[in-house]
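Undergrad: whatever this is, show me its structure:
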Amino acid sequence: MAGITGITGIKYIAEGREGLIFADDKHAYKLFFEGKTIFQEGQLDFIKGHVLQRSIPHLVPLREIFDDGKNLVFKMDYINGSRYAGGYLSQLRDMLISLRKSGVAHRNIHPKNLIVSNGELILSDLGRSLFPLTDKEYAEMIKRTHLTHECFAVPNLSELMTQSLTREEIKELYGWKYFERTLEQPKSKQYPVSLLIKASPIEWQTIDFQIKHIVGQLSSPAYFKEVIVITDKHKGPFLRQYAQPNYEVFFQKLSELKENGWIDEIVIAPLDCQSIKETYFQWFGLESTETHAERGHHVYTQLYGFNKCKGDYILQIDSDCLIAHRDHSHDYLEEMIQVFEKDTRAITVPFRIADRSPVPYHRSNCPVEWRTEVRCCMLKKDRLLGTLPLPNKLNSKEQLVLPWHRSLDESINMNDWHSYRGSDNRTFFIHLPNDNKIDVNSWFEIISIVEQGIVPEFQNGYVDLQGEHNDWIGKRYQDNSEPQYNNISS
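TA: Residues are numbered from 1 along each chain as shown. The predicted structure follows:
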């Protein structure tokens, strides 16, 4: 090594796939087995022009290249630290952004090539993995980074990364498009809206991709003041129960979602009698310790979540809703807020369901206002609280007769509040009935289809998911023909 670099005191430390690694106190040296022949034509010149002696955040600095015609050595900073073991999502984003700004693509982003040194994430691999940036290379970098973050401990990660280049349907790759959108220019608008997602421990198998789907689909072109998951530790029975709860896995997944920036807060409604009594007295002027209404609807936890929201508006949504956002420039939040601004008696605006054409927001033509859409709607918080206590009664078992949304309907019609329907059809929701949740693979595949804005004609006009798995997906595989989907122009 001294004969090539002219530097003494260098010690051998490891052997890699491309060459031998040596180091001294400050620098690492990579001696390539095959010299310059390992590189494609023009690739080494690109590295000299775009990486050598350039400062690219989160990429190990390349200080010097030694080339004696036969041997090739890269001199890099010696990074002392530990191998990447998950987390550091914001630094992974910054790494991709800095590589993009430098016009550099890296084809070997992998946990084994990432080092955490004094809290900073460093991509330590320099060699034939460096190429000029193209759209294709950038997309592949994002996929590798997403898999690095989500699957860092998976034994066959290298195989998954290879598969991801040609197969976007692999489950481990789910969410990479959301990740890609976080790398775009910062959003210019934040609305004073709390996104409140209602979740249950019986969703422990799927809650991670449910939350990522909802937040990913709804967080553009603007973003929320806060994203909250509201839940509890209710032991059952559950209304229309389809699985047994697993509290440990459920809350672990929620914690990971918060740690990775998908949600801001996890609110666990306390189930002690005093908290339930106080909440019911505030909302209904009644005293009860029953968390559910007489027909099994969960009431208390939802109301506790409303009280925790800090936004002027609350977009409350069930965690099992599927969101289609055909045009991510469509500012659906602004449209919903405008309804409240134009009508000072408006109290609830629902999310749209699938339909063939847009319909302006409107009130009911009947003497009775539209009913509150409990699965997904926006509420004006101060107006909602201004209606309290809502009309309700207790039955002989001291259970609420009405769930919160039907109680709100009573108040709306008694006190001249207004409820709306309509909106642009580029953004809408589909509710997934519990019978459709048993087959998790089918659920996942239908979500993937909805995220592409592909919705069969038979879904139009319905809140709940229509049809079977093959009605949505099967035709493409069975007879190589495409179903007739809506193509709704923005």
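Undergrad: surely P389 touches E287?
TA: No. Using Cβ atoms under 8 Å, P389 is not in contact with E287, being 11.6 Å away. (C-beta placed from N, C-alpha, C; glycine too.)
Undergrad: count of residues packed around the residue lying closest to L239 once chain neighbours are set aside?
TA: Closest residue to L239 apart from its sequence neighbours, by Cβ to Cβ, 6 or more residues apart in numbering: G296 at 4.1 Å. G296 has 13 neighbours, counted by other Cβ atoms under 10 Å.
Undergrad: over to H328?
TA: The number of residues near H328, taken as other Cβ under 10 Å, comes to 16.
Undergrad: what of T301?
TA: Using other Cβ under 10 Å: T301 sits among 23 other residues.
Undergrad: same deal with S329?
TA: 9.
Undergrad: mean confidence (pLDDT) on stretch 359-372, please.
TA: In this model, stretch 359-372 has a mean pLDDT of 90.
Undergrad: grab the nearest non-local neighbour of S90.
TA: Closest to S90 by Cβ to Cβ, 6+ apart is G261, at 7.3 Å.
Undergrad: what packs against the longest helix anywhere in the chain?
TA: Secondary structure of the chain per DSSP state H: the longest helix is helix 135-150. Contacts defined by 3 or more Cβ pairs under 8 Å, 6 or more residues apart in numbering; DSSP states H and E place helix 135-150 against helix 89-102, strand 104-106, helix 157-164, helix 176-181.
Undergrad: pick the most deeply packed of these.
TA: strand 104-106 (a mean of 22; mean count of other Cβ atoms under 10 Å).
Undergrad: surely V440 and Q205 touch.
TA: Yes. Using Cβ under 8 Å, V440 is in contact with Q205, at 6.0 Å.
Undergrad: for the stretch 51-200 of the chain, give me the ranges with low pLDDT.
TA: By pLDDT under 70, the low-scoring segments of the stretch 51-200 of the chain are 185-188.
Undergrad: related to what we said a few turns ago, which residues are in contact with each of P389 and E287?
TA: With contacts taken as Cβ atoms under 8 Å, 6 or more residues apart in numbering, P389 and E287 have F281 as neighbours in common.
Undergrad: go through the longest helix of the chain and flag the buried ones.
TA: 137-150 (16 or more other Cβ atoms under 10 Å).
Undergrad: tell me the angle that helix makes with helix 157-164.
TA: Relative orientation of helix 135-150 versus helix 157-164 (axes from the mean of the first three to the mean of the last three Cα atoms, to 10 degrees): 140 degrees.
Undergrad: quick one: contacts of helix 135-150?
TA: 84, 86-89, 92, 95-96, 99-100, 105-111, 114, 131, 157, 160-161, 164-165, 172-173, 175-176, 179-180, 183, 260.
Undergrad: residues contacting the spatially most central residue of the chain?
TA: The residue lying closest to the centre of the chain (Cα atoms, centre = their mean) is K212, at 2.7 Å. Taking Cβ under 8 Å, 6+ apart, we find K212 in contact with 174-175, 178, 257, 262.
Undergrad: try it again at 6 Å.
TA: 175, 262 (Cβ atoms under 6 Å, 6 or more residues apart in numbering).
Undergrad: in what helix or strand does it lie?
TA: Element membership for K212 (DSSP states H and E) is helix 207-218.
Undergrad: so which bits of that helix are buried?
TA: Counting neighbours by 16+ other Cβ under 10 Å, one finds that the buried residues in helix 207-218 are 207-218.
Undergrad: likewise for stretch 309-325?
TA: For stretch 309-325, using 16+ other Cβ under 10 Å, the buried residues are 309, 311-325.
Undergrad: okay, now the domains of this structure?
TA: As assigned by automatic domain parsing, the chain contains the domains 2-77, 82-179, 190-423.
Undergrad: out of those, flag the one nearest D435.
TA: Of all the domains of the chain, domain 190-423 sits nearest to D435, with 7.2 Å by Cβ to Cβ.
Undergrad: for that closest one, the distance to its chain's centre please.
TA: When C-alpha coordinates are averaged (Cα atoms, centre = their mean, to the nearest Å), domain 190-423 and its chain have centres 19 Å apart.
Undergrad: tell me the pLDDT of I488.
TA: So I488 comes in at 29 (pLDDT).
Undergrad: can you check Y485 too?
TA: 34.
Undergrad: what about the helices in the stretch 301-450 of the chain?
TA: With DSSP state H, counting those that start in this stretch as the criterion, the stretch 301-450 of the chain has helices at 332-342, 381-386, 404-414, 440-451.
Undergrad: now do the contacts for the residue lying closest to Y88 once chain neighbours are set aside.
TA: Leaving aside its chain neighbours, Y88 sits nearest to L121 (4.8 Å; criterion: Cβ to Cβ, 6+ apart). Contacts for L121 (Cβ under 6 Å, 6+ apart) come out as 58, 88, 91.
Undergrad: just those residues now: which is nearest F66?
TA: H58 (24.8 Å).
Undergrad: that closest one touches L96, doesn't it?
TA: No. Counting by Cβ atoms under 6 Å, H58 stays clear of L96, with 8.8 Å between them.
Undergrad: how many neighbours does the residue nearest to H298 when sequence neighbours are not counted have?
TA: Closest residue to H298 apart from its sequence neighbours, by Cβ to Cβ, 6+ apart: H292 at 5.5 Å. Residues lying near H292 (other Cβ under 10 Å) number 18.
Undergrad: now do H292, the pLDDT please.
TA: 95.
Undergrad: what are the phi and psi angles of it?
TA: When quoted as degrees, to the nearest 10, the phi and psi of H292 stand at phi -120, psi 150.
Undergrad: same question for E290.
TA: Per degrees, to the nearest 10, the backbone of E290 is at phi -90, psi 120.
Undergrad: now do the same contact list for it.
TA: 398-399.
Undergrad: mind starting the numbering at 54 from now?
TA: Sure, I'll start counting at 54 from here, so that last one is E343.
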